[in-house]
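Asks: Sequence and predicted structure are below.
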Amino acid sequence: MKKYPLERLFQALADSTRLRLINLMAAQEICVCYFVEVIDAPQPKISRHLAYLRRAGIVAARREGKWMHYRLVTPADPHAAAVMKTTLDSLKQDRDLQSDLSRLNRACCGPKSLVQVLGAPLPRQAGKTAAAR
């Protein structure tokens, strides 16, 4: 097995926007429109950070019609996987990042949600995307 470049993983994790994106994808696959709404950043900025995470090998994407969906991927390297697990566990303890999850819930399920306004697809639980992997 090819050795996973840990420095690439640490570089991917060394940005607050990317950590916010990772936190939002921790348990579910998400359409890019939700990232834009929750993080309140321009779509090109979000896409640039998602591309960075994809190059690091920790995010995968799939297209469904006009919608792009993103999910976390666990690296095959056990050291990189352990770093990701520890990072995700740590992110769960951050109050600001938990606020992002509340905003995501409102964006997809609240009044005037993106589902109602744009017809955006609901986020899918991580285990329910296995067929798309």
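Replies: Done, it's in.
Asks: For the residue nearest the centre of the chain, give its distance to residue 61.
Replies: When C-alpha atoms, centre = their mean is applied to the chain, the residue found nearest the centroid is residue 25 (3.3 Å). For residue 25, the distance to residue 61 equals 11 Å [C-beta to C-beta, to the nearest Å]. The C-beta positions use only the backbone N, C-alpha and C, and glycine is treated the same way.
Asks: Going by residue numbers, what spans are helices in the chain?
Replies: Residue ranges of the helices in the chain, as given by DSSP state H, are 6-13, 16-25, 32-39, 43-55, 78-91, 95-109, 114-118.
Asks: shaky segments in this protein?
Replies: Counting by pLDDT under 70, the ranges of the chain that qualify are 1-2, 109-122, 125-133.
Asks: Quick one: residues contacting residue 50.
Replies: Counting by C-beta atoms under 8 Å, 6 or more residues apart in numbering, residue 50 touches 21, 32, 35, 59, 61, 70.
Asks: 6 Å - rerun?
Replies: Going by C-beta atoms under 6 Å, 6 or more residues apart in numbering, residue 50 touches residue 70.
Asks: how much space between it and residue 79?
Replies: Here the distance between residue 50 and residue 79 works out to 24 Å (C-beta to C-beta).
Asks: Contacts only, for the residue nearest to the centre of the chain.
Replies: 71, 72.
Asks: and residue 11, how many neighbours does it have?
Replies: As a burial measure, residue 11 scores 14 neighbours (other C-beta atoms under 10 Å).
Asks: Relative to residue 17, how far out is the nearest residue to it once chain neighbours are set aside?
Replies: Taking C-beta to C-beta, 6 or more residues apart in numbering as the measure, residue 11 lies nearest to residue 56, with 7.2 Å between them; neighbours along the chain are not counted. Residue 56 sits at a distance of 14 Å from residue 17 (criterion: C-beta to C-beta).
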